[in-house]
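In: What follows is a predicted structure for the sequence shown.
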Amino acid sequence: MSIDSGIVGGNEVNCHLSEEIGNDMISKMMGKKFENVKFKRKGKVVTLASINSSVKICNIRIVVDPHILFHRLCIEKQLDDDLKAFFKFELSPFPILLFTGESMRKGTKSSLYTSFSPITEDVKPEGSQYVVVDGGHLLHKIVWRQQVTFGAIADRYVQYLKNKYGQDIAVIFDGFPDDDKKSTKNCERLRRAAYFSLDVMFHEETVLQYTKEKLLANECNKKRFIELLKKALQKANICVKQAVEDADLTIVNTAISVAPQYDYVRVVGEDIDLLVLLTALASTHSNVFFPKVWKRENAR
């Protein structure tokens, strides 16, 4: 595994055995004439670069270094027509507009907000109201104080929700599938893991010893805390759901399902995907609103 990028290689990656492989190749050369020395491709050292920077040619994976490829093209180029011939091929092992060397590029989804016209009139909710909260958004709304128990932290989330939204609330969390390599959020979670944190075993009476950012950077810790928080919310009679993977569609469907029973339904979150899904699926529900969340100081 690369400590820098977090990329994990498969069984074919053997760069950690490069010394043994080199010694084996040297032993096979001993006693032979130089012209008779041949090396098989399967005897090469395979690095982590083969995960993202390789192409498959005749069922053989070949690692492509874009810098070396560029230098070779510069040497081979004699005329402008040669350059045109080179550019008929995709000179990259992966679509560079979509991917970096480690993962998918980060999209600027927030720019989609400019494509929607906000409601100019002041909307004041009257009558019955229901609020659907994105659980991922909720996790960032409370500042974790040091030297307090996890149970006390969960209680502060409960108090925050009741003070801000009342009793008719649903909180929807993302799911964490066992096979996370096929998860739609895997690249985003890898990108967000700016901190390294060990697995921490904790329960309601455990005293917090880490910052929130460092603790939740570990997915196992995040799953464990969400389970603890779900129990605290359910104990307070707050509806809690957890999607299989991404929660956006579950959030929108929950809002649509309760819309006929309430005068006003509010979806609380920051993800522009929520607004896109509401536009597509809830266009006929005039009582479902998505207020833009302004980044303010978290609750202390």
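Out: Received, thanks.
In: from here on, contacts and neighbour counts on C-alpha atoms
Out: OK.
In: In terms of helix, strand or coil, where does residue 267 fall?
Out: Here residue 267 is strand, with the state taken from DSSP: H, G, I helix; E, B strand; the rest coil.
In: mind giving me the domain split of this protein?
Out: For the chain, the TED database gives the domain ranges 15-104, 113-289.
In: hang on, isn't residue 204 packed against residue 151?
Out: Yes. Counting by C-alpha atoms under 8 Å, residue 151 is a contact partner of residue 204 at 4.1 Å.
In: sorry, back to before: quickly compare the domains of the chain and say which is most buried.
Out: Among these, ranked by average contacts under mean count of other C-alpha atoms under 10 Å, first place goes to domain 113-289 (a mean of 16).
In: Now find how far off-centre that one is within its chain.
Out: 15 Å (C-alpha atoms, centre = their mean, to the nearest Å).
In: Quick one: the domains of the chain as CSV, columns for mean pLDDT too.
Out: Converted to CSV, the domains of the chain look like this (pLDDT from 0 to 100):
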stretch, mean pLDDT
domain 15-104, 77
domain 113-289, 88
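In: where along the stretch 201-300 of the chain do the strands fall?
Out: 239-242, 264-268, 288-289 (DSSP state E, counting those that start in this stretch).
In: returning to that earlier point: which residues do residue 204 and residue 151 both contact?
Out: With contacts taken as C-alpha atoms under 8 Å, 6 or more residues apart in numbering, the residues that reach both residue 204 and residue 151 are residue 228.
In: quick revisit: would TSV of the strands of the stretch 201-300 of the chain with distance to residue 68 be doable?
Out: Listed next are the strands of the stretch 201-300 of the chain as TSV, based on distance: least, C-alpha to C-alpha, whole Å:
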stretch	distance to residue 68
strand 239-242	48
strand 264-268	49
strand 288-289	54
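In: nearest to residue 130, of those strands?
Out: Proximity to residue 130 (C-alpha to C-alpha) singles out strand 264-268 among the strands of the stretch 201-300 of the chain, at 4.8 Å.
In: got the contact list for the closest one?
Out: With C-alpha under 8 Å, 6+ apart as the criterion, strand 264-268 contacts 125-134, 251-252, 255, 258-259, 287-291, 293.
In: for stretch 75-86, same thing?
Out: With contacts defined as C-alpha under 8 Å, 6+ apart, stretch 75-86 is touched by residue 73.
In: For that stretch, measure first residue to last.
Out: Using C-alpha to C-alpha, to the nearest Å, the end-to-end distance of stretch 75-86 comes to 12 Å.
In: And the helix or strand hosting residue 159, what does it pack against?
Out: Residue 159 belongs to helix 150-165 when assigned by DSSP states H and E. If you count contacts as 3 or more C-alpha pairs under 8 Å, 6 or more residues apart in numbering; DSSP states H and E, helix 150-165 packs onto helix 219-235.
In: Return the list of helices and strands in contact with the helix it packs on.
Out: Applying 3+ C-alpha pairs under 8 Å, 6+ apart, one finds that helix 219-235 contacts helix 150-165, helix 212-216, strand 239-242.
In: among those, which is nearest residue 115?
Out: Of all the helices and strands packed on helix 219-235, helix 150-165 sits nearest to residue 115, with 28.3 Å by C-alpha to C-alpha.
In: Name the surrounding residues that touch the closest one.
Out: The contact list for helix 150-165 (C-alpha under 8 Å, 6+ apart) reads 131, 142, 144, 169, 202-208, 228-229, 232-233, 236, 299.
In: Which of those fall in helices?
Out: 228-229, 232-233 (DSSP state H).
In: Export the residues you listed to CSV and append columns for distance to residue 98.
Out: Formatted as CSV, these follow (distance: C-alpha to C-alpha, whole Å):
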residue, distance to residue 98
228, 37
229, 36
232, 41
233, 39
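In: Just the closest of these to residue 97, please.
Out: residue 229 (39.0 Å).
In: residue ranges of the helices in this structure, please?
Out: 18-29, 49-52, 66-76, 80-86, 135-139, 150-165, 186-192, 212-216, 219-235, 248-258, 272-281.
In: Make CSV from those and add distance to residue 110 to it.
Out: Below are the helices of the chain laid out as CSV (distance: least, C-alpha to C-alpha, whole Å):
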stretch, distance to residue 110
helix 18-29, 45
helix 49-52, 28
helix 66-76, 32
helix 80-86, 37
helix 135-139, 15
helix 150-165, 25
helix 186-192, 15
helix 212-216, 22
helix 219-235, 25
helix 248-258, 15
helix 272-281, 6
